[in-house]
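Undergrad: generate coordinates for the sequence data below:
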Amino acid sequence: MNIKWRHFRFLFTELQRPLDLEITYDELADFDLRFRLILRKHLVILGWWSLLNIGGGVVALFFLTGTVYYYFWMMGMIWGLINFIIVMAILDHTFYRKFRRGAFERFESQRHVEKLMFLNIGIDSAYVFVGLFLREHSFACEVEHATMWLGFGWSVIIQGLFLLIQDIMVYRLHRKNFRKAQPFLEKLLGN
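TA: Reported below is the predicted structural model:
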């Protein structure tokens, strides 16, 4: 994956762009524009969350060694690195390479993204429960490295909750976008 300056510029420019889910000019073009904006906002928020976790992990490496916070931020840094790689790969795939299809194909793509968001909501819920398990494991009698389990548990809980909330919001935005365009599609397809 070739990371370019435009990938990093994206993290700064997309936060200020409004979604405008209520305004309709041209149904097909508006759907496509809203779809892209929702996807970009999702990626930029996840990108900043990743950078926050990476930064916290770097600080923990130097200043928090041996504490619960050290393990919390180490797990967060690993999540941050993985999430950042995912963000850059999706950004490159979606906006700079393969996703240059027409607006009609976006309807199919949007339905696919909705299904993926729904799957992610289930996976995010599982993360929260795994984090709770790790946290409870730290309180078990005579467990080795209790602070590590506690830090990892809290980190996975926080990551899971953040991703769960974000994925629910993005799923709802995509559903709203599709529902807004649904009358146009029905009229166009003669249903």
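
Undergrad: how is this protein divided into domains?
TA: 43-64+74-99, 108-191 (automatic domain parsing).

Undergrad: how near is the most centrally placed residue in the chain to Phe63?
TA: The residue lying closest to the centre of the chain (Cα atoms, centre = their mean) is Leu46, at 4.5 Å. Shown here: Leu46 relative to Phe63, a distance of 26 Å by Cβ to Cβ, to the nearest Å. Where C-beta positions appear, they are placed from N, C-alpha and C, glycine not excepted.

Undergrad: same deal with Glu114?
TA: 42 Å.

Undergrad: out of those two, which sits in the more crowded spot?
TA: Glu114 (17 against 11; other Cβ atoms under 10 Å).

Undergrad: that one contacts Arg179, correct?
TA: No: contact status for Glu114 versus Arg179: not in contact, 11.0 Å apart, counting by Cβ atoms under 8 Å.

Undergrad: count of residues packed around Glu105?
TA: That count, for Glu105 with other Cβ under 10 Å as the rule, works out to 12.

Undergrad: and the gap between the residue of the chain most remote from its centre and Leu132?
TA: Most distant from the centre of the chain: Glu142, at 37.1 Å, with distances by Cα atoms, centre = their mean. Per Cβ to Cβ, Glu142 is found 21 Å from Leu132.

Undergrad: again with Met117
TA: 23 Å.

Undergrad: the more surrounded of those two?
TA: Met117 (20 against 15).

Undergrad: name the element that one belongs to?
TA: Secondary structure from DSSP states H and E places Met117 in helix 103-138.

Undergrad: so which bits of that helix are buried?
TA: The neighbour-count check on helix 103-138 (16 or more other Cβ atoms under 10 Å) flags 103, 106-107, 109-110, 113-114, 117, 120-121, 124, 127-128, 131, 134-135, 138 as buried.

Undergrad: packing partners for the lengthiest helix in the chain?
TA: Ranked by residue count and defined by DSSP state H, the top helix of the chain is helix 146-189. If contacts are counted by 3 or more Cβ pairs under 8 Å, 6 or more residues apart in numbering; DSSP states H and E, helix 146-189 sits against helix 27-63, helix 68-91, helix 103-138.

Undergrad: okay, stretch 167-182 in PDB with CA atoms only?
TA: C-alpha atoms of stretch 167-182 as PDB (Å, rounded to 0.1, in the frame of the first residue of the first chain):
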ATOM      1  CA  ASP A 167     -20.900   1.700  13.600                       C
ATOM      2  CA  ILE A 168     -24.400   2.200  14.900                       C
ATOM      3  CA  MET A 169     -24.300   5.800  13.900                       C
ATOM      4  CA  VAL A 170     -22.900   5.100  10.500                       C
ATOM      5  CA  TYR A 171     -25.400   2.300   9.900                       C
ATOM      6  CA  ARG A 172     -28.300   4.700  10.700                       C
ATOM      7  CA  LEU A 173     -26.900   7.300   8.400                       C
ATOM      8  CA  HIS A 174     -26.600   4.900   5.500                       C
ATOM      9  CA  ARG A 175     -30.200   3.600   6.200                       C
ATOM     10  CA  LYS A 176     -31.400   7.200   6.200                       C
ATOM     11  CA  ASN A 177     -29.600   7.900   3.000                       C
ATOM     12  CA  PHE A 178     -31.100   4.800   1.300                       C
ATOM     13  CA  ARG A 179     -34.700   5.600   2.600                       C
ATOM     14  CA  LYS A 180     -34.400   9.100   1.200                       C
ATOM     15  CA  ALA A 181     -33.600   7.700  -2.300                       C
ATOM     16  CA  GLN A 182     -36.000   4.800  -2.100                       C
END
